[in-house]
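Peer 1: I'd like to go over a predicted model; first the sequence, then the structure.
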Amino acid sequence: GNSVTQMEGPVTLSEEAFLTINCTYTATGYPSLFWYVQYPGEGLQLLLKATKADDKGSNKGFEATYRKETTSFHLEKGSVQVSDSAVYFCALRSNTGTASKLTFGTGTRLQVTL
Amino acid sequence: EADIYQTPRYLVIGTGKKITLECSQTMGHDKMYWYQQDPGMELHLIHYSYGVNSTEKGDLSSESTVSRIRTEHFPLTLESARPSHTSQYLCATNDRGHGYTFGSGTRLTVV
């Protein structure tokens, strides 16, 4: 079955530091990959996505590249801000069948300090 | 302006009560989902629907039930709430071209 593994948190960084949150996946076929962000007390928001190998998703300074050879979709940001403090979820959606269900990783909490 | 609404945002109720969590969307999407998010943050799919009169159980067994009488609404019901049901419940819709849209969630506490 499908699964997503992402690095455990919490990740604590100083403002302007470089961020990497690792994500690897197991899936049949060619899934679509996503990063979602959850701010305190809120639902999930789509941060970025990639639908095929070598695609790079980007948004708000965050980037992730769909690497089929390493089955990875690591999230990166060059300079984090305090406002980036949140929980980040890696997810995949299988593009086979009709269910279109998302499979999530366990989430990584990011805390950015001044 | 949100396109998917969940009510209530917060709910504290006593054990044994029947509750219904509401989820409404204005986007006309056929596919809708309920996720349960435990305090450790992990998300588990508990119900989904492909359209009106279609409901399926998700990957995590749940004592809750759902209905889909109208495209816009996908309510979740607990007939007899227990403390083990304390969690955050997130509703989502999916349009293949635009991905998932999540509601703000309902944080349920059963005392």
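Peer 2: On my side now, so go ahead. Numbering: from 1, shown residues only, chains lettered A, B, ... in the order given.
Peer 1: By mean pLDDT, which helix or strand of chain A comes out lowest?
Peer 2: strand A:102-104 (a mean of 89; mean pLDDT, DSSP states H and E).
Peer 1: After it, which helix or strand is next? Please name it.
Peer 2: strand A:108-113 (DSSP states H and E).
Peer 1: can you list contacts of that following strand?
Peer 2: Residues outside strand A:108-113 that contact it (C-beta atoms under 8 Å, 6 or more residues apart in numbering or on different chains) are A:6-15, A:17, A:19, A:21, A:80-89, B:41. For glycine as for every other residue, the C-beta is placed from the backbone atoms N, C-alpha and C.
Peer 1: Would you show me how to pick out the buried ones of the residues you listed in PyMOL?
Peer 2: Selecting only the buried entries of the contacts of strand A:108-113 in PyMOL, with 16 or more other C-beta atoms under 10 Å in any protein chain shown as the criterion:
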select buried, (chain A and resi 6+7+9+11+13+19+21+80+84+85+86+87+88+89) or (chain B and resi 41)
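Peer 1: Alongside chain B, which residues does chain A contribute?
Peer 2: By the rule C-beta under 8 Å from any C-beta of the partner chain, the part of chain A lying against chain B is A:34, A:36, A:38, A:42-46, A:49, A:87, A:89, A:93, A:98-102, A:104, A:106-107, A:109.
Peer 1: just the buried members of those residues?
Peer 2: Buried among the residues of chain A next to chain B (16+ other C-beta under 10 Å): A:34, A:36, A:38, A:43-44, A:46, A:49, A:87, A:89, A:93, A:99-102, A:104, A:106-107.
Peer 1: Centroid-nearest residue for chain B?
Peer 2: residue B:34 (3.7 Å; C-alpha atoms, centre = their mean).
Peer 1: Which pLDDT value does the model give it?
Peer 2: Residue B:34 is assigned 96 on the pLDDT scale.
Peer 1: Bridged to it, which residues?
Peer 2: residue B:47, residue B:91 (DSSP bridges).
Peer 1: In contact with it, which residues?
Peer 2: Residue B:34 neighbours (C-beta under 8 Å, 6+ apart): B:23, B:45-48, B:58, B:64, B:66, B:74, B:76, B:89-92.
Peer 1: Format these as CSV; extra columns: neighbour count.
Peer 2: Below are those laid out as CSV (neighbours: other C-beta atoms under 10 Å in any protein chain shown):
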residue, neighbour count
B:23, 24
B:45, 21
B:46, 22
B:47, 23
B:48, 24
B:58, 18
B:64, 19
B:66, 24
B:74, 27
B:76, 23
B:89, 23
B:90, 24
B:91, 28
B:92, 26
